[in-house]
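All I have is the shape, not the residue letters:
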């Protein structure tokens, strides 16, 4: 797919999966919701009750800001499989203009946030590489 | 959820997302299909044409065998969200009894493999920790 199409798929995906690295060097992966602005991906810690371990992704990026996320569409027809991976560097935002913009983007994408704006923190991932894959016709 | 239910969700999920760590210490994440036997998760490189980078997960686990995978169900009703994460240590199998058993399990779970058995290699992940999360009633 073209780079434009890869970004379209990143922008419109409802759910992604994000990997970070634990301080002991092992990987961590969770599903997450996010919004895209230009080449930056935003997500936030929402108001749902979280156990402490849920926030491991935050402490991980404080010690190692390198993250990778993937969006994809699973289908039982394996000839239609695809994924787009985005690698980047995460920044934990301070309240301010970019924080407000990120929450606006998230609320525009997900009406679920209308019930109450998420309290944050807000994280930005500045994407440095995008890689895509799709099953070619005839793979089956 | 109970540990039994967490394993049931791992066993029956059609797709998971697996994170590994690149030699430079950055994370890598891809969707993958897998089968579960007892506390071990099996996946294989199938016959679809792969670009070299697709096999990064294999070279990664040769240098760092720690992996984590997650299964989850996305729904626009965020009150029903859940995930199960399994952390473990990966082994690249040699052809033999466990390899054959893994391919049988994968073919039983995915009729897509019936067209032709995947060539391998086959990877086993011995799970050491399982963590689950689900939105409580009323989260919305």
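Nice, thanks for sending it over. It should be emphasised that the depicted structure is a prediction, and the values quoted were computed from it without experimental measurement.

isn't residue A:81 right next to residue A:132, touching?
No - checked against Cβ atoms under 8 Å, the pair residue A:81 and residue A:132 is beyond contact range at 11.6 Å. For glycine as for every other residue, the C-beta is placed from the backbone atoms N, C-alpha and C.

Show me where chain A has its strands.
Using DSSP state E, the strands found in chain A span residues A:16-21, A:27-32, A:35-37, A:40-44, A:66-73, A:82-92, A:122-134.

Just list what the lowest-mean-pLDDT helix or strand in chain A packs against, helices and strands only.
Sorting the helices and strands of chain A by mean pLDDT, DSSP states H and E puts helix A:56-63 at the bottom, at a mean of 90. In terms of contacts (3 or more Cβ pairs under 8 Å, 6 or more residues apart in numbering or on different chains; DSSP states H and E), helix A:56-63 is packed against strand A:16-21, strand A:27-32, strand A:82-92.

The second one near chain B anywhere?
Yes - using Cβ under 8 Å from any Cβ of the partner chain, strand A:27-32 comes into contact with chain B via A:27-31.

Report the inter-axis angle for that strand versus strand B:27-32.
Strand A:27-32 and strand B:27-32 are oriented at 60 degrees to each other (axes from the mean of the first three to the mean of the last three Cα atoms, to 10 degrees).

got the buried residues for stretch A:27-46?
A:27-36, A:40-46 (16 or more other Cβ atoms under 10 Å in any protein chain shown).

Show the pLDDT at residue A:85.
On pLDDT, residue A:85 comes in at 97.

Is it in contact with residue B:29, as I believe?
Yes - here residue A:85 reaches residue B:29: they are 7.0 Å apart, a contact under Cβ under 8 Å.

Now for those two: what residues contact both?
Common neighbours of residue A:85 and residue B:29 are listed as A:68-70 (criterion: Cβ atoms under 8 Å, 6 or more residues apart in numbering or on different chains).
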